[in-house]
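Colleague: next one to model:
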Amino acid sequence: MKKVINTKNAPKAIGPYSQAIHSGNTLYCSGQIAINPDTGNLVTENITAETNQVMKNISAVLKAADMTFDNVVKCSIFMIDMSDYSAVNQEYAKFFSDNPPAREAVQVSVLPKNVNVEISIIAVK
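Modeller: Next up is the predicted model:
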């Protein structure tokens, strides 16, 4: 069974994809960037604020699927500049109290809308 997860509390998809798909007991969340869902504007004044908005967007998708960050088992972080790694980590860590998920962080040449960071997750209920 495949259920599309969609919430107005996270940015609308900017392409032909869903915010997330819930299949069985697993949630596959599309990569989130720092679009403020209330204004539609990008939050890019600094990497800390940008990462925080990305994590808020992920939180909204998790909530729409009746999950929390405690359900997250895997994250993928994409950054355009690996020198942001420490700052991204510091903000990201605020959302995982204990037993953080498995993860990779990679540098890429460009991200949608020229943002600095994009994060996707997989969560299990």
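
Colleague: surely Y28 and S76 touch.
Modeller: No. Counting by CB atoms under 8 Å, Y28 does not reach S76; the two are 11.1 Å apart. All C-beta spots, glycine's among them, are computed from the backbone N, C-alpha and C.

Colleague: who's in contact with stretch 70-81?
Modeller: For stretch 70-81, contacts defined as CB atoms under 8 Å, 6 or more residues apart in numbering pick out 27, 31, 62, 85, 88, 92, 96-97, 101-111, 115-125.

Colleague: how distant is that stretch from the center of its chain?
Modeller: Stretch 70-81 has its C-alpha centroid displaced from the chain centroid by 7 Å (CA atoms, centre = their mean, to the nearest Å).

Colleague: may I see the buried residues of it?
Modeller: Neighbour-count burial for stretch 70-81, counted by 16 or more other CB atoms under 10 Å, picks out N71, V72, C75, S76, I77, F78, M79.

Colleague: let me know the closest of these to V43.
Modeller: Taking CB to CB as the measure, V43 lies nearest M79 of these, at 15.5 Å.

Colleague: any idea how far the closest one lies from I33?
Modeller: Distance of M79 to I33, computed by CB to CB, to the nearest Å: 12 Å.

Colleague: quick check: neighbours shared by those two?
Modeller: V117.

Colleague: going by length in residues, pull out the top helix of this protein.
Modeller: When the chain is parsed with DSSP state H, its longest helix is helix 47-64.

Colleague: packing partners of it?
Modeller: Under the contact criterion of 3 or more CB pairs under 8 Å, 6 or more residues apart in numbering; DSSP states H and E, helix 47-64 touches strand 26-32, helix 85-93, strand 117-124.

Colleague: same list (the ones you listed) but as CSV, adding mean pLDDT, mean neighbour count and distance to K12.
Modeller: Conversion of those to CSV gives the following (pLDDT from 0 to 100; neighbours: other CB atoms under 10 Å; distance: least, CB to CB, whole Å):
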stretch, mean pLDDT, mean neighbour count, distance to K12
strand 26-32, 98, 21, 11
helix 85-93, 97, 15, 23
strand 117-124, 98, 21, 16
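
Colleague: noted, bye for now.
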